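1. Got a predicted model here, sequence first, then my questions.
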Amino acid sequence: MNLSNQVTMNLRPYPDANDPIGYVESSKRGKRVIIIIDDFYNLPDWYQASTPATAGGLLKLYSVTRDWGFTRGIGFFNLPDPTRIQEDSDKIIDCINQWLDDHVCLNAIETCKPGVEGSEVHQEDPPIQRSDCSYYILVDTFFGTQDVVGYKFIERWKERQILPKEQEQIAYLSTAGVALGWQDPHNLVIFSKGDIDNMPAGLLPEKLQRWLGFEATALEELWGKTMGWFNDAKSDVVPHNFTQIEQYFDEKSPKFEKYRQAIENALGFRFPEAWWQDLETMKNIHESLKCICGDVFCGNTNNPGCRNISIGAAYLVALKAHYVLFEKLDPLASDPQFWKDASRLTAAIFPLQGTKRARASAIALYNFFYRIFEPRNGKPLESTVETAFFERKGEVLKISLSWSAASSASDRSRSLAQQIDEQFDSNEIELPAAGSPGQIVNNTRNAISELWRTMMFNKNGFLSPGVVYMNKDEVIIASTEYLAINAESSNI
C-alpha cells in the first residue's frame, strides 16, 4: 500500500524551501493548532513510504487531523541536535512563533471567488488572536547520548512561553517508550507512534483523540470497535462468511454469544430479541454490517471486493442515529419480522468511493437521519418515526414520520420543501464540509445539502446508484442496482 496514493499533501517547507526548519499547513477555519516536534520530519521521505510504520505515526497524524474542520494549523518541526540543544531549540521556537504570526493568527481573510474554478463557496471563520486558539504540542522523546532531547526542548519551550499557558497542552511521542529508570519531571502523557499507525484509516487512538479535543462521531466509534471484522485472519468472532457462525446458531453456543455481544457492543444498543431468534434475519444483518464497517467496507480499505453503503447499511445507520437521539430503537425497529424476505439488502445506495470519501458519505448519511428524526414542535423526548419497512426484497427502505416536509411547523412560516427550494435556487450554495469528523451539521437543511454533495462522488464516474428523498411525511431510501441488472439482462 503506497501512502502517496492516499494522502494529498499541502504542507510546505518553512521558512525557506532550501533549508527548512519544518513543514507547515494552515487554513482559515477552526481554532485548533497542532505542533509536532520530531526527528523524523522530512516529508519527501514520507512519499516513499511503503507502510505506515516507516512514517513513524507522523503521516497518519497529518492525514487525520488535517481533515478535522476545526484544525486551523498543523506544523512539523525538527528536533534540536543533541549537541546544541538550547541553540536549536531557540531557532525552532522562533520559527514556530513567526509561522503563527504570519499564517495562523491571520489579520486578513482571503475569500473564495464565486465563479472561479476550484473555488469552493463556504463560510470561513473570522480573524483570530492567539488567545482564541487551542494548541497541542507533541514532542518526540528521543534519547541522545546524555540528555532526553525532547524533555530538554520542552524545558526551553516553557521558559520562552510564546503561547498563552492556559491554551496549550504538551505531550510526548515515542517509538520505543522511554529509557529504563527515566522519570519525566513534567509527568506528561506519552503516545506511541506504533499505536497511531495501527489504527484504521481516518482514526487515531481514542486516548490521543480525546487529548486533541476531538470527540468521535457515533460511526467513528463503530469503526474503531469493528477493526478486523469480516477478515478471518484478524477476527474469529465476526468472520467473513455467516455460514461459519450459522452452525452455532441453534444451540446458542458460547461462540454465538460472543458474536452477539461483539455486535451489540460495537453498535451501542441491543437488537430486539426476536431478531436474534431468526436465522434469515441475522444473515441479512451480517451482510448489511459488511457494508458499513469492518475490513470490507470501502471506508476502511482500498482492496478489491470492498463493500459500499447499501440499503441494509443505511437502516443500521438510521437505527444508530435514532438510538443516540432517544435511547431506544422503537418505533423504528418495532416489527419482529423486519429483516425477513429482504434478500437484496446489499443493493448499493452510495457508489464505490475512496476511503476518506466513503467515511464522509457515511457520516453525512448519519447526520441526515439525526436531523430528520430529531424532535419537532417542542416534544423533546418523542420520536418522529411512525413506521419503517423494506419493500422489493430490501431494495427500498421507507420511513414514515409524524411531520411533513410539505407543511410548515407551528413556529415556521415556510415548510422544509420551501426552504430547500430557496437554498438550492441560490447562485451560491453554502456547502458544509462533507461528513466532517466529530461534527453533526447544525440543521436539517445543511444535513440535506451535505448528503446531496456526498452522493455526487463516484470512484468510477459520477452520482450514486441509489436515491434518498422525502415525499411529504415519508423518507425513501432506494437502490437502482437490481433495476439496472434486470434491464441489462432483458436487453433494454
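-> Okay, I see it.
2. Confidence-wise, which helix or strand of this structure is lowest on average?
-> helix 43-47 (a mean of 50; mean pLDDT, DSSP states H and E).
3. and the next element down the chain from that helix?
-> Tracing the chain past helix 43-47, the next element assigned as helix or strand by DSSP states H and E is helix 58-65.
4. Format the CA atom coordinates belonging to that following helix as PDB.
-> Once side chains and other backbone atoms are set aside, the C-alpha atoms of helix 58-65 remain, and they are given as PDB (Å, rounded to 0.1, in the frame of the first residue of the first chain):
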ATOM      1  CA  LEU A  58       3.500  11.300  11.600                       C
ATOM      2  CA  LEU A  59       1.900  10.800   8.200                       C
ATOM      3  CA  LYS A  60      -1.200   9.300  10.000                       C
ATOM      4  CA  LEU A  61      -1.300  12.200  12.400                       C
ATOM      5  CA  TYR A  62      -1.300  14.600   9.500                       C
ATOM      6  CA  SER A  63      -3.800  12.800   7.300                       C
ATOM      7  CA  VAL A  64      -6.300  12.500  10.100                       C
ATOM      8  CA  THR A  65      -6.100  15.800  11.900                       C
END
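5. so what does it touch, helix or strand wise?
-> In this structure, helix 58-65 packs against strand 32-38, strand 71-78, helix 193-197, with contacts taken as 3 or more C-beta pairs under 8 Å, 6 or more residues apart in numbering; DSSP states H and E. (Glycine included, C-beta is placed from N, CA and C.)
6. Put together a markdown table for those, with distance to Ile93, mean pLDDT and mean neighbour count on each row.
-> Below are these laid out as a markdown table (distance: least, C-beta to C-beta, whole Å; pLDDT from 0 to 100; neighbours: other C-beta atoms under 10 Å):
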| stretch | distance to Ile93 | mean pLDDT | mean neighbour count |
| --- | --- | --- | --- |
| strand 32-38 | 10 | 92 | 24 |
| strand 71-78 | 9 | 89 | 23 |
| helix 193-197 | 23 | 84 | 19 |
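7. so Ile476 touches Ser400, yeah?
-> No. The pair Ile476 and Ser400 does not pass the contact test of C-beta atoms under 8 Å, sitting 10.1 Å apart.
8. In contact with Ala478: list those residues for me.
-> If a contact means C-beta atoms under 8 Å, 6 or more residues apart in numbering, then Ala478 has 311, 349, 395-397, 466-467 as its contacts.
9. Mind checking what secondary structure it has?
-> When the structure is reduced to helix, strand and coil (DSSP: H, G, I helix; E, B strand; the rest coil), Ala478 reads as strand.
10. so it bridges to which residues?
-> For Ala478, the beta-bridge assignment (DSSP bridges) gives partners Val396, Val467.
11. can you tell me how far it sits from Glu395?
-> The gap separating Ala478 from Glu395 is 6 Å, by C-beta to C-beta, to the nearest Å.
12. residues bridging contact with these two, i.e. touching both?
-> Overlap between the neighbourhoods of Ala478 and Glu395 consists of Ile311, taking contacts as C-beta under 8 Å, 6+ apart.
13. show me where the stretch 1-150 of the chain has strands.
-> Secondary structure of the stretch 1-150 of the chain by DSSP state E, counting those that start in this stretch: the strands cover 12-14, 22-26, 32-38, 71-78, 134-140.
14. got those as JSON lines, with distance to Arg160 columns?
-> Formatted as JSON lines, the strands of the stretch 1-150 of the chain follow (distance: least, C-beta to C-beta, whole Å):
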{"stretch": "strand 12-14", "distance to Arg160": "18"}
{"stretch": "strand 22-26", "distance to Arg160": "16"}
{"stretch": "strand 32-38", "distance to Arg160": "13"}
{"stretch": "strand 71-78", "distance to Arg160": "14"}
{"stretch": "strand 134-140", "distance to Arg160": "12"}
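15. quick one, which of the ones you listed is nearest to Lys290?
-> strand 71-78 (31.6 Å; C-beta to C-beta).
16. what helices or strands is the closest one leaning on?
-> Judged by 3+ C-beta pairs under 8 Å, 6+ apart, strand 71-78 is in contact with strand 22-26, strand 32-38, helix 58-65, helix 85-99.
17. can you tell me which of those comes nearest to Asn198?
-> Comparison of the helices and strands packed on strand 71-78 against Asn198 by C-beta to C-beta identifies helix 58-65 as nearest, at 9.2 Å.
18. Make TSV out of the helices and strands packed on helix 58-65 and add distance to Ser89.
-> TSV is the format used below for these (distance: least, C-beta to C-beta, whole Å):
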stretch	distance to Ser89
strand 32-38	9
strand 71-78	10
helix 193-197	22
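19. closest one to Met455 among those?
-> Among the helices and strands packed on helix 58-65, the nearest to Met455 by C-beta to C-beta is strand 71-78 (25.7 Å).
20. I'd like the mean pLDDT over stretch 136-155, please.
-> Per-residue pLDDT values over stretch 136-155 give a mean of 79.
21. And the strands in the stretch 351-492 of the chain?
-> With strands called from DSSP E, counting those that start in this stretch, the stretch 351-492 of the chain shows them at 385-391, 396-401, 457-458, 461-462, 466-471, 474-479.
22. Give the partner strands of the first one in its sheet and their orientations.
-> Partners of strand 385-391 in the sheet, by DSSP bridges, are strand 396-401 (antiparallel).
23. Show me which residues of the partner strand are buried.
-> 396-397, 399, 401 (16 or more other C-beta atoms under 10 Å).
24. With respect to Gln261, which of those residues is nearest?
-> For these, the minimum distance to Gln261 (C-beta to C-beta) is 26.8 Å, reached by Leu397.
25. do you know how far the residue lying closest to that closest one once chain neighbours are set aside is from Ala333?
-> In space, not counting the residues next to it along the chain, Leu397 is nearest to Ile477; the distance is 4.3 Å by C-beta to C-beta, 6 or more residues apart in numbering. When C-beta to C-beta is the yardstick, Ile477 and Ala333 sit 15 Å from each other.
26. try Glu474
-> Glu474 is 18 Å from Ala333, where distance means C-beta to C-beta.
27. for the strands of the stretch 1-150 of the chain, which one sits closest to Ser343?
-> Sorting the strands of the stretch 1-150 of the chain by C-beta to C-beta, the top spot, which is the nearest, belongs to strand 71-78 at 43.8 Å.
28. hmm, who's touching the closest one?
-> Residues lying outside strand 71-78 but in contact with it, judged by C-beta under 8 Å, 6+ apart, are 11, 14, 21-39, 41, 43, 58, 62, 65-66, 92, 95-96, 99-100, 103-104, 125, 128, 133.
29. can you list the contacts of Ala478 in a markdown table and add pLDDT and distance to Asn460?
-> Compiled in a markdown table, those are given as follows (pLDDT from 0 to 100; distance: C-beta to C-beta, whole Å):
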| residue | pLDDT | distance to Asn460 |
| --- | --- | --- |
| Ile311 | 96 | 20 |
| Ile349 | 93 | 16 |
| Glu395 | 92 | 21 |
| Val396 | 93 | 24 |
| Leu397 | 95 | 24 |
| Gly466 | 90 | 15 |
| Val467 | 91 | 18 |
